[in-house]
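Trainee: My questions are about this predicted structure, shown below with the sequence.
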Amino acid sequence: HPVDGAWAVRFFLPWAEEARISFKPRLSESAAPGACEVVEAVKLRPEGFFEAVLPADGTSAPPSLYRLQIRTHYGETFEVYDPYAFPCVLTEFDLYLMGEGRHYDTYQKLGAHLITLAGVRGVQFAVWAPSARRVSVVGDFNRWDGRVHPMRSRGSSGIWEIFIPELAEGAIYKFEIIGPEGDMLPLKADPYAFRSELRPNTGSIVADLETYQWSDADWLFERSGTNSFESPVSIYEVHLGSWRRVPEDHHRWLTYHELADQLIPYVKELGYTHIELLPVMEHPYDGSWGYQTLGYFAATSRYGSPAEFMEFVDRCHRAGIGVILDWTPAHFPRDTHGLAQFDGSHLYEHADPRQGAHPDWGTLVYNYGRNEVQNYLISNALFWLDKYHIDGLRVDAVASMLYLDYSRKPGEWIPNQLGGRENLQAIEFLKRMNEVVHGKFPGILTVAEESTAWPAVSRPTYLGGLGFSFKWNMGWMNDTL
């Protein structure tokens, strides 16, 4: 911050006893190459608030980068970059598109991303929490103290962001949120986390999804030109945690690698063209089989790492087997570290329980009327098709999305603006989702688990349908397409 012709650097570290600022002076005849200048910081508040005034050198700008040299109360010393010396990453155009609900690759922007900013490697965090008074990233790297890394508010967009330099893959983190009434909420997992801790732990994990070397280019090329209505489709549906166990090793699950070794040849021998996986997205409760999804962008850690799941899909493709994922955009669980009242308000869910509470499953229903919520779900669908090369999505519980009175008695639901029972916002979401995913990934399948008399489920949207490739009807003796 400019002060009286100089520059003041202020920072808060509650465990620091003493601090200094280290920076490279601007090039001059008197400055030795590589030399650093050090300025003592004054402790203005005993809680750990410091200020250092950097000498003016006749230029209009402060040092581009500087480091904080810290000595703790216990005599430990360390040196870090100041996160607030780095610029914001998200552009105004990003924020505009997110607000409109048309930023379909938000998985590239929100969440935790390993990037290099101003020549420094670190992690960029961003999260949507419009009703929050403060949002901070917390983890072992800051002793889970939300005062250390408050995120920058990006105004009316409701987006908060911060770049934490020198943080690496594998860091465990959550968001500490002060709600609209000034109360601290339970720590929240990242809605866009690419990896999560194995239950009962609930932390999000920084993960790099760009390192795996895929070898299925021929499969993807051929898929893009496939007419699924003229091609054989025979699907083997499986829950990875139940298909086979290892009894001699405490009855543990198979890993993604072991599943590739055993499941793929089994399915191939039986003549199936596709494997349909019950939800592999992270979920806290084993008994839900994944249908109560909480970590929508995280392949479950039960069976291994993201790269190991990528290898599983890759090996399926090399064996000529497509992979379909069950996907649950109809509802989500109430776990306090999840999406429920994420920023202290009903952000992802409806506030009125007649719209926002699912009577059968004890879960919460998405508010499809919010642009950002539709964008979150469409972005998630695209994410699995993009980053994991998935060949299709079977959308679970579509019937519960289409009808406002689904499993509700009179007086327990709210009619739409036309007085009917159809969920017009959910219908628009399903159409939009199908248009976007089929437009971006030709040849993939979308399948609706919908067993009512709803018309034109698999008719194209431009002909008045919902746009699904197929309809999965539970009313048959066997699961069929």
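Mentor: Okay, I see it. Predicted model only: the values in this text are computed from it and were never measured.

Trainee: Give me the domain ranges for this protein.
Mentor: 2-81, 92-188, 216-480 (the TED database).

Trainee: possible to save those domains as JSON lines with distance to Ser196, mean neighbour count and mean pLDDT?
Mentor: All C-beta spots, glycine's among them, are computed from the backbone N, C-alpha and C. Below are the domains of the chain laid out as JSON lines (distance: least, C-beta to C-beta, whole Å; neighbours: other C-beta atoms under 10 Å; pLDDT from 0 to 100):
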{"stretch": "domain 2-81", "distance to Ser196": "26", "mean neighbour count": "14", "mean pLDDT": "84"}
{"stretch": "domain 92-188", "distance to Ser196": "9", "mean neighbour count": "18", "mean pLDDT": "96"}
{"stretch": "domain 216-480", "distance to Ser196": "4", "mean neighbour count": "18", "mean pLDDT": "94"}
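
Trainee: between the ones you listed, which one is nearest to Phe194?
Mentor: Comparison of these against Phe194 by C-beta to C-beta identifies domain 216-480 as nearest, at 5.7 Å.

Trainee: Distance from the closest one to the middle of the chain?
Mentor: 15 Å (C-alpha atoms, centre = their mean, to the nearest Å).

Trainee: any idea which helix or strand carries Ser451?
Mentor: Ser451 belongs to no helix or strand when assigned by DSSP states H and E.

Trainee: so it sits right up against Ala399, yeah?
Mentor: Yes. Counting by C-beta atoms under 8 Å, Ser451 touches Ala399, with 6.5 Å between them.

Trainee: next SSE after the stretch of helix or strand Met401 belongs to?
Mentor: Assigned by DSSP H and E, Met401 falls within helix 398-402. For helix 398-402, the following helix or strand on the C-terminal side (DSSP H and E) is helix 424-440.

Trainee: what's the distance between Asn371 and Asn416?
Mentor: According to C-beta to C-beta, to the nearest Å, Asn371 and Asn416 sit 18 Å apart.

Trainee: how about the CA coordinates for stretch 71-79, as CSV?
Mentor: C-alpha atoms of stretch 71-79 as CSV (Å, rounded to 0.1, in the frame of the first residue of the first chain):
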residue,chain,number,x,y,z
ARG,A,71,10.6,-16.3,13.5
THR,A,72,7.9,-18.0,15.6
HIS,A,73,7.3,-17.8,19.4
TYR,A,74,9.2,-21.1,19.6
GLY,A,75,12.3,-19.9,17.7
GLU,A,76,11.5,-21.6,14.4
THR,A,77,12.3,-19.7,11.3
PHE,A,78,10.8,-19.9,7.8
GLU,A,79,10.4,-17.8,4.7
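
Trainee: circling back: Arg199 is nearest to which of the domains of the chain?
Mentor: Of all the domains of the chain, domain 216-480 sits nearest to Arg199, with 5.1 Å by C-beta to C-beta.

Trainee: rewinding a little: of the domains of the chain, which is nearest Arg195?
Mentor: That would be domain 216-480 among these, by C-beta to C-beta, at 5.2 Å.

Trainee: Mind giving me the packing neighbours of the host helix or strand of Val373?
Mentor: Using DSSP H and E, Val373 sits in helix 371-387. Applying 3 or more C-beta pairs under 8 Å, 6 or more residues apart in numbering; DSSP states H and E, we find helix 371-387 packed against helix 92-100, strand 295-299, strand 322-327, strand 392-395, helix 424-440.

Trainee: can you list these in TSV and add distance to Gly75?
Mentor: TSV is the format used below for those (distance: least, C-beta to C-beta, whole Å):
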stretch	distance to Gly75
helix 92-100	44
strand 295-299	39
strand 322-327	52
strand 392-395	55
helix 424-440	56
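
Trainee: Out of the ones you listed, flag the one nearest Leu185.
Mentor: Of all those, it is strand 295-299 that lies closest to Leu185, at 18.0 Å by C-beta to C-beta.

Trainee: That closest one to strand 322-327, inter-axis angle?
Mentor: Calculated by axes from the mean of the first three to the mean of the last three C-alpha atoms, to 10 degrees, strand 295-299 forms an angle of 150 degrees with strand 322-327.

Trainee: between the following helix or strand past strand 295-299 and strand 295-299, what angle do the directions make?
Mentor: Using DSSP H and E, the helix or strand that follows strand 295-299 towards the C-terminus is helix 306-318. Orientation note: helix 306-318 sits at an angle of 70 degrees relative to strand 295-299 (the same axes, to 10 degrees).

Trainee: Residues in contact with helix 306-318: which ones?
Mentor: Defining contact as C-beta atoms under 8 Å, 6 or more residues apart in numbering, one finds that helix 306-318 is touched by 194-195, 207, 209, 211-212, 214-216, 219-220, 255-257, 259-260, 264, 275, 280, 298-299, 303, 322-323, 387-390.

Trainee: from the chain's centre, how far out does the helix or strand hosting Gln69 sit?
Mentor: In this structure, Gln69 sits in strand 66-72 according to DSSP H and E. Relative to the centre of its chain, strand 66-72 is centred 32 Å away, using C-alpha atoms, centre = their mean.

Trainee: For that strand, which helices and strands make contact with it?
Mentor: Under the contact criterion of 3+ C-beta pairs under 8 Å, 6+ apart, strand 66-72 touches strand 16-23, strand 77-81.

Trainee: That one pairs with which strands, and in what direction?
Mentor: strand 16-23 (antiparallel), strand 77-81 (antiparallel) (DSSP bridges).

Trainee: excluding its backbone neighbours, what's nearest the residue most central in space within the chain?
Mentor: In the chain, the residue lying closest to the centroid (C-alpha atoms, centre = their mean) is Tyr192, at 1.2 Å. Distances taken as C-beta to C-beta, 6 or more residues apart in numbering place Gly111 nearest to Tyr192, at 2.9 Å, with adjacent residues excluded.

Trainee: give the contact list for the one you found.
Mentor: Counted by C-beta under 8 Å, 6+ apart, Gly111 has contacts Phe125, Ala126, Val127, Asp190, Pro191, Tyr192, Ala193, Phe194, Phe297.

Trainee: do the same with Thr77
Mentor: Gln69, Ile70, Arg71.

Trainee: now it, which residues is it bridged with?
Mentor: So, taking DSSP bridges as the rule, Thr77 has Arg71 as bridge partners.

Trainee: Secondary structure element holding the nearest residue to Val42 once chain neighbours are set aside?
Mentor: Nearest residue to Val42, sequence neighbours excluded (C-beta to C-beta, 6+ apart): Glu51, at 5.5 Å. Using DSSP H and E, Glu51 sits within strand 49-54.

Trainee: could you say what helices and strands that strand packs with?
Mentor: On a contact count with 3+ C-beta pairs under 8 Å, 6+ apart, strand 49-54 meets strand 6-12, strand 16-23, strand 37-40, strand 42-45.
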